[in-house]
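Trainee: Pasting a predicted model and its sequence here:
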Amino acid sequence: MSYFRLLFVHLLAATLAACAHAPGMTLDAGSDDLKARANLQSIDAPTLRQLQSDRRTRLADEAAALPAAFRSSTARYDYLVAPQDVVRITVWNQPELTNPANTTTELSGRVVNSDGSMFFPYVGKFQAAGLTVQDIRALLVKGLSRVIKAPQVDVSVLQYRGQRVYVSGEVRTPGAVPVTDVPPDLADVIARSGGSTAEADLSAVTITRGAATLRVNLQALYYNGDGRANLRLQNGDIVNVPERRFARVFVTGEVLRQSALPMPRGDMTLADALADAGGVNPLSANAGQVFVIRASSEPKPFVYHLNAAAPDALLLADQFVLQARDVVYVDTAPVVRWSRLINNVLPSASFLRDTWTDNRIIR
């Protein structure tokens with residue numbers, strides 16, 4: 001068999017085999033195989049409206065699913081005195097009762113005992129833990145009325161040391177935050193911890209209460225104004241703000257910089273992700289085949305297709321909101337794929353030519 005005939009047969013076989021296994025990943029919105037393996041949807045105005053509606057419904061469902069004990073309330077909040085709190089008791093015109101000699105005080109206050117009790121002259125020992133300052137005042141007035149006519153009593157908490165919420169993770173000053181007479185809401189506690197760091201994933205904040213752990217999307221409060229995410233905390237709660245290492249969007253295919261992009265504090269759109277990756281490669285990209293691949297609880301993933309060559313593509317991409325772990329893929333132009341295929345085959349042709357030449361020389 002002549003060299004050229006052998007070369008032709010080899011190239012034909014290699015090309016036919018390689019056509020089915022062209023180098024690199026490829027997706028085609030018109031492919032029946034893709035439609036069979038995924039829930040394929042075009043990125044257009046109806047799809048965007050449906051996704052926005054689904055998002056509002058999901059946020060509402062998340063808020064409705066929150067346990068009642070966690071929900072922030074506009075009802076009256078009264079701080080309950082706890083052991084180790086320092087309480088200041090003032091009896092007007094009775095200085096010997098307000099700060100008597102040889103009494104254990106801390107900045108003119110009285111420390112609530114570890115068993116929750118306190119002692120006050122003419123009243124005796126009483127249980128203060130679990131009472132509001134109004135309750136303690138009423139109790140003292142009743143006891144002092146036996147020896148003082150119409151006693152004027154004022155009660156306040158001087159130091160809040162008995163109740164704490166613990167904050168860990170991506171905040172500037174992690175640690176214990178005292179529970180005070182101000183209702184301890186989630187946003188307030190994070191603010192009192194110095195606020196979140198630049199690496200915080202606010203969409204996955206967790207609150208642990210006893211054996212139960214609740215996940216909260218705090219971005220709904222900060223960036224969508226949804227106050228239902230600002231939950232009421234209580235003594236002993238543990239708040240963890242995770243890092244956003246796992247909250248990423250992956251951009252691959254024919255872009256200038258294939259990247260794993262961290263999710264920002266607010267929303268990231270498809271246009272944002274493509275821009276952060278340097279845009280589509282003008283020399284090799286098939287602008288008509290841009291895809292967003294999204295995992296789903298259903299058997300098939302969702303695949304959203306954008307024809308970036310269309311006049312309204314940029315507007316549509318700027319309204320398509322990405323989710324963490326989405327994969328953005330830009331397909332290869334057919335001519336580029338063919339060129340890469342040929343580049344894979346040509347080395348084999350060169351090898352055959354060199355082999356044929358060597359055999360001729362030997363003969």
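Mentor: Good, I have the coordinates.

Trainee: pLDDT (mean, whole number) over the top strand by length along the chain?
Mentor: Looking across the chain with DSSP state E, the single longest strand is strand 285-294. In this model, strand 285-294 carries a mean pLDDT of 91.

Trainee: So what are the sheet partners of the helix or strand just after it and their directions?
Mentor: Sequence-wise, the next helix or strand downstream of strand 285-294 (DSSP states H and E) is strand 302-306. Based on DSSP bridges, the pairing partners of strand 302-306 within the sheet are strand 39-42 (parallel), strand 285-294 (antiparallel).

Trainee: Kindly reformat those strands as a markdown table containing distance to residue 48 and mean neighbour count.
Mentor: Quick note: C-beta positions are derived from backbone N, CA and C, even for glycine. Below are the strands paired with strand 302-306 laid out as a markdown table (distance: least, CB to CB, whole Å; neighbours: other CB atoms under 10 Å):
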| stretch | distance to residue 48 | mean neighbour count |
| --- | --- | --- |
| strand 39-42 | 10 | 16 |
| strand 285-294 | 12 | 21 |
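
Trainee: Show me the domain layout of the chain.
Mentor: Following automatic domain parsing, one gets these domains for the chain: 31-59+247-332, 66-76+163-245, 86-159.

Trainee: what's the span of the first one, first residue to last?
Mentor: The first residue of domain 31-59+247-332 is 15 Å away from its last residue (CA to CA, to the nearest Å).

Trainee: The last one now?
Mentor: Its start and end residues considered, domain 86-159 measures 5 Å (CA to CA).

Trainee: Show me what the helix or strand harbouring residue 190 packs onto, helices and strands only.
Mentor: Applying DSSP H and E as the criterion places residue 190 in helix 186-192. Under the contact criterion of 3 or more CB pairs under 8 Å, 6 or more residues apart in numbering; DSSP states H and E, helix 186-192 touches strand 164-169, strand 238-241.

Trainee: which other residues reach it?
Mentor: Residues outside helix 186-192 that contact it (CB atoms under 8 Å, 6 or more residues apart in numbering) are 72, 165, 167, 171, 177, 182, 196, 205, 207, 216, 218, 221-222, 229-233, 239, 241.

Trainee: Please repeat the previous calculation with a cut-off of 10 Å.
Mentor: 70, 72, 165-167, 169-173, 177-180, 182, 184-185, 195-196, 200, 202, 205, 207, 216, 218, 221-222, 227, 229-233, 237, 239, 241 (CB atoms under 10 Å, 6 or more residues apart in numbering).

Trainee: Show the buried residues in those.
Mentor: 70, 72, 165-167, 169-171, 177, 179, 184-185, 196, 200, 202, 205, 207, 216, 218, 221-222, 229-233, 237, 239, 241 (16 or more other CB atoms under 10 Å).

Trainee: Just say helix, strand or coil for the residue positioned nearest the centre of the chain.
Mentor: Nearest to the geometric centre of the chain sits residue 203, at 2.2 Å (CA atoms, centre = their mean). Secondary structure assignment for residue 203 (DSSP: H, G, I helix; E, B strand; the rest coil): helix.

Trainee: mind listing what it touches?
Mentor: Counting by CB under 10 Å, 6+ apart, residue 203 makes contact with 215-220, 223, 242, 244, 247, 263, 265, 323-324.

Trainee: Could you do residue 300 as well?
Mentor: Going by CB under 10 Å, 6+ apart, residue 300 touches 35-40.

Trainee: State the pair within these that is farthest apart.
Mentor: 36 and 39 (10.6 Å; CB to CB).
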